[in-house]
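Chemist: Okay, predicted coordinates and the sequence, questions at the end:
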Amino acid sequence: MDYRTTKAFDHFLSGLGPEAREEALGVLAGEVRDLRGLPPGAARAREVHRRVDAAQARFAALRPDVTGQVRCSRGCSHCCRLWVGVTRDEAELLRASEVRPDPGRLEAQRSWTSPSDFIGRPRDEASCVFLGPDGACAVYRDRPAICRAVLVASDPEFCRGGDLATRITAVINPYAEVVVSAALTLDAEGDPPPPAGRHLAHALGHPLFQSRKTPPDGGAFRQNPSMNLLAVSGSLRDQSSNTRLLRALALLAEPGVSVAFGPPLDGLPYFNPDVEEAGLPPAVQAWRDRVGACDAVVVCSPEYAHGVSGMLKNALDWLVGGIELNGKPVAVVNARPEATLAHAALVETLRIMGGTVIPAAVPLTGRNLDAEGIAADPELAAALQRILSSLAQALR
């Protein structure tokens, strides 16, 4: 079979012996077979993205020594000045987005015909057409598979300037690259042929994008207003003040913002590195998948003996070996502002895990209100709405 593999996967294959190479190609054939069984279009693109994200989580669990060196975070954007390939499925997914590409960069980049056209140009000129003015990806949730597969272990100083073609140290995750290669292989089989060069700016000129509607603002750059939040309570009590606060947050969320509670944290086994290395238990994998799939996290935990609840700390320990929180906005809400020690410890833990932490306090002490009562209280509702606004701002 004529596979369309990424350069990273080719590099990985070149270091394998004959038997291992055949085994790797067998895995690729299986991925192609699985994806071919799905209907083409946006839904298949999302399945490819889910598989790449799962592959990154798997790689992080197996090789924490490698992924622990990754410096990528939301908004760093240095790699967003490279040639980015997309499949037709991804082009259809982006077509359905509310976000418009930057018109100036789009027009300029359509005339570029090779990856070298991006090298040596000013940052703004070579930036991705979906990169916002603040350096954050406007289509982060629907970003191409190639973007999801990139892991960089370079010194952060290199990512702030200089020649990215020679300074960036990439980490190759074969599990992710095989999924991307399968998607490219399927794309090459399609009819009509894929967009010229498969570069993002070319794909936006493909007929798939001809029916894109122009928003009322005349096509100015806009962020996607939708936001999927994962609410995590550090208490098991059904009527805990922390859980009630998170339920009130869900009541106050505007249309387009979903607030979902994750799987019960008491269903996770005690953290054990030996178990992690042998393979993640299903409950742990489900927990990691939920964290990885959301746009941002909201955590609210009680303080026990000046510390974070053991159940929550155990759940966070299971995330340390992954990249699910890396660069992701995390609002840490304190329902008892006088209880500062656990809050400070939780903020520090989440920061060292790579989260973009947003500390917040909602003074609920002494107020015996249910979720509806909290949402109806002007002071408390205003505090919760500020949290939602801060998360939305962090995602732009």
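Modeler: Good, I have the coordinates.

Chemist: Next, Val299: secondary structure please.
Modeler: Following DSSP: H, G, I helix; E, B strand; the rest coil, the label given to Val299 is strand.

Chemist: same deal with Arg367?
Modeler: Secondary structure, three-state DSSP: Arg367 is coil.

Chemist: For the stretch 51-200 of the chain, which segments count as helices?
Modeler: 64-67, 88-95, 103-109, 123-126, 145-149, 164-167, 174-189, 200-203 (DSSP state H, counting those that start in this stretch).

Chemist: which one of those helices has the lowest average pLDDT?
Modeler: Across the helices of the stretch 51-200 of the chain, helix 164-167 has the smallest mean pLDDT, namely a mean of 50.

Chemist: if we can go back for a sec, and of the helices of the stretch 51-200 of the chain, who's closest to Pro302?
Modeler: helix 64-67 (29.5 Å; Cβ to Cβ). C-betas here are computed from N, CA, C, even on glycine.

Chemist: what does the closest one contact?
Modeler: With Cβ atoms under 8 Å, 6 or more residues apart in numbering as the test, helix 64-67 has contacts from Phe59, Ala60, Leu151, Ala153, Val171, Val320, Gly321, Gly322, Ile323.

Chemist: For the residues you listed, give me JSON lines that also has distance to Phe271.
Modeler: As requested, those are exported to JSON lines (distance: Cβ to Cβ, whole Å):
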{"residue": "Phe59", "distance to Phe271": "19"}
{"residue": "Ala60", "distance to Phe271": "15"}
{"residue": "Leu151", "distance to Phe271": "24"}
{"residue": "Ala153", "distance to Phe271": "25"}
{"residue": "Val171", "distance to Phe271": "24"}
{"residue": "Val320", "distance to Phe271": "8"}
{"residue": "Gly321", "distance to Phe271": "10"}
{"residue": "Gly322", "distance to Phe271": "12"}
{"residue": "Ile323", "distance to Phe271": "17"}
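
Chemist: got these as CSV, with distance to Arg290, neighbour count and pLDDT columns?
Modeler: Formatted as CSV, the contacts of helix 64-67 follow (distance: Cβ to Cβ, whole Å; neighbours: other Cβ atoms under 10 Å; pLDDT from 0 to 100):
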residue, distance to Arg290, neighbour count, pLDDT
Phe59, 18, 21, 77
Ala60, 16, 24, 76
Leu151, 21, 24, 78
Ala153, 27, 15, 71
Val171, 24, 19, 76
Val320, 16, 17, 87
Gly321, 16, 22, 82
Gly322, 12, 25, 80
Ile323, 14, 25, 78
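
Chemist: between those residues, which is nearest Ile352?
Modeler: Nearest to Ile352 among those: Val320, at 9.0 Å, using Cβ to Cβ.
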